[in-house]
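Novice: just coords:
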Ligand SMILES: [Zn+2]
């Protein structure tokens, strides 16, 4: 085995293990941040019986499987979301290395951070209907790093993306107040859209919005069929924005290249 292969294996292994551990921490963020609780004190405890969870019961995924998704003391059920978040973060961190490490390790790190924030944004908005400013700020900061190292776009593509996100979502926000006399989305969505536009650049941002809109439309049609017409529940848009951003971040260049190639093949 060559030195290079060995180093590559080490990098992927590190990304997977760190991804699992950070995923475990994201569960704390998802539960505590929207409730205004401290992230570090007190230590994790069982929501049913209050038992302070020992370090060996916090080992990502493994502890969950060994305990059968239940508290060691009271056998109360622990949401499968905990394991889901850990696995999702692990996979996205490995994906970040796979897609971006060659271009720049900084790009890989920024993509990993954005992925983790998006996992939190997804679950917090789903449950609390709010996109926290901290999530958008972190995406924006990582977005500046992406802007500096991304060699498939020019720096001002990212500035245009930010302005586009701000303008389009401001228009949607005030438009729905003027026309429907209600908030179609929150200001949190507007701030997030600007941050996502900055991180992605306008080309990938368009793709992200397309994916988010199509997913939202499909889910709304399906859920309105299932529920009675007079009992429509409100859907937060954030989870769709998060999924759209992930698709555009990791597959954006491939999809855009394919689409441009497709357009040219039609012209000739
Ligand atoms: Zn318990």
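Specialist: It's in. Just so it is clear, the model here is predicted, and its values are computed rather than measured. Numbering: from 1, shown residues only.
Novice: what residues go with each domain of this protein?
Specialist: Domain ranges of the chain: 1-90, 103-268, per automatic domain parsing.
Novice: Which one of those domains lies nearest to the ion?
Specialist: Closest approach to the ion among the domains of the chain (CB to the ion): domain 1-90, 3.0 Å. C-betas here are computed from N, CA, C, even on glycine.
Novice: if we can go back for a sec, can you tell me which of the domains of the chain is packed in deepest?
Specialist: Ranked by mean neighbour count under mean count of other CB atoms under 10 Å, those are led by domain 103-268, which reaches a mean of 18.
Novice: Next to the ion, which bits of this structure? Give me the list.
Specialist: Residues of the chain found near the ion (CB under 5 Å from the ion) are 46, 48, 49, 51, 71, 73, 74, 76.
Novice: Dump these to TSV, plus pLDDT, secondary structure and distance to residue 167.
Specialist: Output for those, formatted as TSV (pLDDT from 0 to 100; DSSP: H, G, I helix; E, B strand; the rest coil; distance: CB to CB, whole Å):
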residue	pLDDT	secondary structure	distance to residue 167
46	84	coil	47
48	83	coil	47
49	87	coil	51
51	83	coil	50
71	89	coil	49
73	88	coil	53
74	89	coil	52
76	87	coil	48
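Novice: out of the residues you listed, who's nearest residue 245?
Specialist: For these, the closest approach to residue 245 (CB to CB) belongs to residue 46, at 33.4 Å.
Novice: Torsion angles phi and psi at the closest residue to that closest one other than its chain neighbours?
Specialist: What sits nearest to residue 46 in space, not counting adjacent residues and going by CB to CB, 6 or more residues apart in numbering, is residue 71, at 4.3 Å. Backbone torsions of residue 71, given as degrees, to the nearest 10, read phi -70, psi 140.
Novice: How about residue 76?
Specialist: Residue 76 has phi and psi values of phi -70, psi 150 when expressed as degrees, to the nearest 10.
Novice: surely it meets residue 51?
Specialist: No - Residue 76 is beyond contact range of residue 51, at 9.3 Å (criterion: CB atoms under 8 Å).
Novice: who does the helix or strand harbouring residue 191 touch, helix- and strand-wise?
Specialist: Under the criterion of DSSP states H and E, residue 191 resides in helix 187-200. With contacts defined as 3 or more CB pairs under 8 Å, 6 or more residues apart in numbering; DSSP states H and E, helix 187-200 has these neighbours: helix 105-128, helix 133-149, helix 155-180, helix 202-226, helix 238-267.
Novice: now that helix against helix 133-149, angle please.
Specialist: Counting by axes from the mean of the first three to the mean of the last three CA atoms, to 10 degrees, helix 187-200 points 20 degrees away from the direction of helix 133-149.
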